[in-house]
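Asker: Sequence plus predicted model, see below.
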Number of protein chains: 2
Amino acid sequence: MMGNDMGTGIGGIIRTVVNPGRETWEALTSRPVFDVSELFGTARRVLDDVRREGDTAVRRYGLEFDSVDLPSVEVSEAEKEEAFSAVPEVLRSAIGTALRNIEKFHSAQRILPPEVETFPGVRCWQRRTPVEKVGLYVPGGTAPLLSTVLMLAVPARVAGCREVVLCSPPGPDGRLHPAVTFAATLSGVERIFKVGGIQAIGAMAYGTETIPRVYKIFGPGNRYVTAAKQLVGIDSVAIDMPAGPSEVEIIADDAADPVFVAADILSQAEHGIDSQAILVSTSRNVIDLTLREVARQLPLLERRLTARGALSNSLAVVFDNYDDVVSFTDFYAPEHLIIQTRNYGELSDRVSNAGSVFLGPYTPESAGDYASGTNHTLPTNGHARAYSGLSLESFTKRITFQEITREGINGLGPTILAMAEGERLSAHGRAVSVRMGR
Amino acid sequence: MMGNDMGTGIGGIIRTVVNPGRETWEALTSRPVFDVSELFGTARRVLDDVRREGDTAVRRYGLEFDSVDLPSVEVSEAEKEEAFSAVPEVLRSAIGTALRNIEKFHSAQRILPPEVETFPGVRCWQRRTPVEKVGLYVPGGTAPLLSTVLMLAVPARVAGCREVVLCSPPGPDGRLHPAVTFAATLSGVERIFKVGGIQAIGAMAYGTETIPRVYKIFGPGNRYVTAAKQLVGIDSVAIDMPAGPSEVEIIADDAADPVFVAADILSQAEHGIDSQAILVSTSRNVIDLTLREVARQLPLLERRLTARGALSNSLAVVFDNYDDVVSFTDFYAPEHLIIQTRNYGELSDRVSNAGSVFLGPYTPESAGDYASGTNHTLPTNGHARAYSGLSLESFTKRITFQEITREGINGLGPTILAMAEGERLSAHGRAVSVRMGR
């Protein structure tokens, strides 16, 4: 059955469906995602030029794409000091608080599994080491993405990455926003470059005379940056995860305050016209009250035109029961999941696919976007089915170790010999048999 | 300085260099890697056909590439029972022992960081959930890769993956090797398909009438499989890591038995002509003795022609001191690192970039290839700089959670408001301010 599609009833704002059948979920949860493969040609050409010409190509494309010609792209010590003074004290203090919370949460992730004796005389364990050289990309645009700086740079510092490089496109004045420079410096980033777009990804992937080559590149970006990251991710360097427009699912019941839920929907919607919010409830009345509140709050927003665009990609869904709510949530695999129900603890235990979950009435998504301490770089577009958000793991790798005693190799030897023979790799067997009985 | 290149002295087997300068390391450690991007055209065409036509395309390409036409590609219960009888008891028992060791090591990885109160009234934590649907690819060829089956299927079971699918190309008789079917069944894989190559990757990425779509694809493969994994990795599904030819670095001193070290070099070399072994020592004499032993053992091998080919990609390096040994090792970032020196504990602590490390005289790489319990699916081609080998993490993802109290949002609210204002996202601020003081 196709479900009962109520159309965009209340205020014409969000389409509402009642008890949609499973066969409709794929279409209902489709994301407003761009296919970037059409941009691969452009991205490949710019990347190849950067690889071949280094700084010359970076400067040329800076002029072409960002209309800024900078003889020197590195942020100077003087600029860093100016940035400090240019950021209001209240914002500096807020950045400091957020930084400490992010640091605490990511520092707690330093734990490792215990050493295991898998077989008598066979000990195995893991050790964590930082990715030595990492590159952070922070998009430009009208507003300084200072929270993105913290979410990338703080875990890199906690991980102990030795070389942390940050690239961000300069404004028309040839500068970064001072809040970006301040947040990066406070987070311990030593080298900041005023370079954006495909050329920034290429510079960090291949290295230029000025910008060092890194082993892993992190951070969001526009479609060109995303295409460039995918291409360098194939041939030379690790990348964090596939990027896409932001999204939220909110599960609410009649214990939820419609004012809170509506504000949460709108905070997602103001990100961009390609954002998406899905409201799920077992109560039609909760949906109606919330959407009415969305209609009331929308005109109050500065970014109401953007938010209205995002609401046209959005959806409200009524289900009969919580089994369907959980199945639908796992099917959608939202980047952000807000649960404002009486049973939010029990309900959240049942969810398998989500990036970050916000529990109870006093936990808005914007807390996690900025300052709760969790990372806001999360899997979008259903990738929460297979990817985690950024964490300490993302900035480190684990080396496995094994040490076998003489008794251990004598005991485990016959197993290895039988398997080597089974795979017809006799030299694998010889490496064991020369040791046995010695 | 270019270092003292001694050419292929002893037995004409492995090129030896003495104290190579850093500027030569890039060339010295270059891998015999294929660029698969030229195969993207073919891979894209086959993938698109599988996406569009499903089983029909899978069957057609099975006939075209594997010369086998199977009306039904799923391994039947009868075939599973036959496989059990066809595998010798000694191999069944070895597979059982290896499985238990792998299970023990990966089960110990279930730990999670503690919950953190990052700020008064702000609690954050992680929960691990399995990737619900995973696809395992096991290459075909002359020998059954039963260890690959265990290294993929056992962690998937430990992780709790709900749907585990395995694809492997059938032999000319239209069957899988019984050891592969047995190992998969013993590891808990419920659905095994006799499908290989690009069409197997496409089937698991997009789903067909017979083969279910999965969220993440694991496993090694030939160049076509690698190209296909990279393409589906961009557009729809997660993949484990970039695959490349196998490699080992061995650090030895005069405490190492040249017979052991030579056998370790050759066990790597027999994998394929594109394999690579690098022997590093601070003693020229250790290198000479070892290479003489390699020359002695080589003719004893069944796969001596393959091994000889791999040795032509291989290298022996003498350094003056252990600082250079460690720097060179981190530069090379070997998939496998064997340390057979008196100071192996201290030395291994200093290494940052490696996949799996084998410590002391009685720990050959083949122990880890088969049965120590660590995973043998490891980053090659220098990817150990940024990637870990497969572990429980690879088959799971971590969801982050946060729960904030009323006092918490009142306390942290001003921080979030200041940052939202800094990023000019007023609806983000509103989601907090509507809650403050309530």
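Answerer: Thanks, I have the structure now.
Asker: Please report how far the residue most central in space within chain A lies from B:A277.
Answerer: For chain A, the residue nearest the mean C-alpha position is A:T377 (2.5 Å; CA atoms, centre = their mean). In this view, A:T377 and B:A277 are 39 Å apart by CB to CB, to the nearest Å. Quick note: C-beta positions are derived from backbone N, CA and C, even for glycine.
Asker: wait, what's in contact with the residue nearest to the centre of chain A?
Answerer: A:T377 is in contact with A:T148, A:M151, A:L152, A:F218, A:G219, A:P220, A:D240, A:M241, A:G389, A:L390, counting by CB atoms under 8 Å, 6 or more residues apart in numbering or on different chains.
Asker: Among the residues you listed, which pair sits farthest apart?
Answerer: Largest separation among the contacts of A:T377 by CB to CB: A:T148 and A:M241, giving 14.0 Å.
Asker: what about the strands in the stretch 51-200 of chain A?
Answerer: Assigned by DSSP state E, counting those that start in this stretch, the strands in the stretch 51-200 of chain A fall at A:116-119, A:122-130, A:133-137, A:163-167, A:191-193.
Asker: rewinding a little: would you list the buried entries among the contacts of A:T377?
Answerer: A:T148, A:M151, A:L152, A:F218, A:G219, A:P220, A:D240, A:M241, A:G389, A:L390 (16 or more other CB atoms under 10 Å in any protein chain shown).
Asker: Show me the shaky parts of the stretch 1-150 of chain A.
Answerer: A:1-12 (pLDDT under 70).
Asker: coming back round to it: keep only those of the buried ones among the contacts of A:T377 that are in helices.
Answerer: A:T148, A:M151, A:L152 (DSSP state H).
Asker: Relative to chain B, which of the residues you listed is nearest.
Answerer: A:T148 (9.1 Å; CB to the nearest CB).
Asker: Not counting sequence-adjacent ones, nearest residue to the closest one?
Answerer: A:V138 (5.1 Å; CB to CB, 6 or more residues apart in numbering or on different chains).
Asker: Surely that neighbour and A:S147 touch.
Answerer: No. Using CB atoms under 8 Å as the test, A:V138 is too far from A:S147 to be in contact (9.9 Å).
Asker: out of those two, which sits in the more crowded spot?
Answerer: A:V138 (30 against 27; other CB atoms under 10 Å in any protein chain shown).
Asker: What residues does the stretch 51-200 of chain A have near chain B?
Answerer: Residues of the stretch 51-200 of chain A lying close to chain B by CB under 8 Å from any CB of the partner chain are A:90-91, A:93-95, A:97-98, A:100-102, A:104-105, A:108-114, A:116, A:118-119, A:122, A:124, A:126, A:129-133, A:142-147, A:179.
Asker: How about the stretch 201-350 of chain A?
Answerer: A:215-216, A:230, A:234-235, A:237-238, A:242, A:257, A:259-260, A:263-264, A:266-267, A:269-271, A:297, A:300-303, A:307, A:330, A:348.
Asker: Just the buried ones among these, please.
Answerer: For those, buried by 16+ other CB under 10 Å: A:215-216, A:230, A:234, A:237-238, A:242, A:257, A:259-260, A:263-264, A:266-267, A:269-271, A:297, A:301, A:303, A:307, A:330, A:348.
Asker: And the helix or strand harbouring A:G345, what does it pack against?
Answerer: Taking DSSP states H and E as the definition, one finds A:G345 inside helix A:344-349. Contacts defined by 3 or more CB pairs under 8 Å, 6 or more residues apart in numbering or on different chains; DSSP states H and E place helix A:344-349 against helix A:322-332, strand A:336-340, strand A:356-359.
Asker: count of neighbours near the closest residue in space to A:T380 that isn't next to it in sequence?
Answerer: The shortest distance from A:T380 to any non-neighbouring residue, by CB to CB, 6+ apart, is to A:G244 (3.8 Å). Other residues lying near A:G244 total 21 when counted by other CB under 10 Å.
Asker: again, but for A:R292
Answerer: Neighbour number of A:R292 under other CB under 10 Å is 16.
Asker: and it, which of the three is it?
Answerer: helix (DSSP: H, G, I helix; E, B strand; the rest coil).
Asker: so it sits right up against A:P258, yeah?
Answerer: Yes. The pair A:R292 / A:P258 is scored as a contact, 7.4 Å apart, by CB under 8 Å.
Asker: Helices of the stretch 151-300 of chain A, start to end?
Answerer: A:178-186, A:197-206, A:223-235, A:258-269, A:284-297 (DSSP state H, counting those that start in this stretch).
Asker: Among these, show me which one is buried the most.
Answerer: Among these, helix A:197-206 has the highest mean neighbour count (mean count of other CB atoms under 10 Å in any protein chain shown), at a mean of 28.
Asker: now for that one, which elements pack on it?
Answerer: Against helix A:197-206 (3+ CB pairs under 8 Å, 6+ apart) you get helix A:40-53, helix A:55-66, strand A:133-137, strand A:163-167, strand A:216-218, helix A:223-235.
Asker: Next, the angle strand A:163-167 makes with it.
Answerer: Calculated by axes from the mean of the first three to the mean of the last three CA atoms, to 10 degrees, helix A:197-206 forms an angle of 170 degrees with strand A:163-167.
Asker: A:S72: neighbour count?
Answerer: 12.
Asker: wait, A:L63
Answerer: 11.
Asker: Report whether the expected contact of it with A:D69 is present.
Answerer: Yes. Contact criterion CB under 8 Å: A:L63 and A:D69 qualify, at 4.7 Å.
Asker: hang on, the earlier thing: got the strands of the stretch 51-200 of chain A as CSV, with mean neighbour count columns?
Answerer: CSV is the format used below for the strands of the stretch 51-200 of chain A (neighbours: other CB atoms under 10 Å in any protein chain shown):
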stretch, mean neighbour count
strand A:116-119, 21
strand A:122-130, 21
strand A:133-137, 26
strand A:163-167, 25
strand A:191-193, 23
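Asker: Reformat these as a markdown table; add distance to B:N321.
Answerer: Formatted as a markdown table, the strands of the stretch 51-200 of chain A follow (distance: least, CB to CB, whole Å):
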| stretch | distance to B:N321 |
| --- | --- |
| strand A:116-119 | 34 |
| strand A:122-130 | 22 |
| strand A:133-137 | 24 |
| strand A:163-167 | 24 |
| strand A:191-193 | 30 |
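Asker: one step back: so which strand or helix has the residue nearest to the centre of chain A?
Answerer: Per DSSP H and E, there is no helix or strand for A:T377.
Asker: What does the pLDDT read for it?
Answerer: Looking at A:T377, its pLDDT is 97.
Asker: List the contacts of the closest residue to it other than its chain neighbours.
Answerer: For A:T377, ignoring the flanking residues on the chain, the nearest one in space by CB to CB, 6+ apart is A:L390 at 4.1 Å. Contacts for A:L390 (CB under 8 Å, 6+ apart) come out as A:M151, A:L152, A:P155, A:F218, A:D240, A:M241, A:N375, A:T377, A:L378.
Asker: Also A:L417?
Answerer: Contacts of A:L417 (CB under 8 Å, 6+ apart): A:G429, A:V432, A:S433, B:A94.
Asker: Would you mind measuring from it to B:P364?
Answerer: A:L417 is 11 Å from B:P364, by CB to CB.
Asker: Please apply the same query to A:C161.
Answerer: On the measure of CB to CB, A:C161 and B:P364 end up 33 Å apart.
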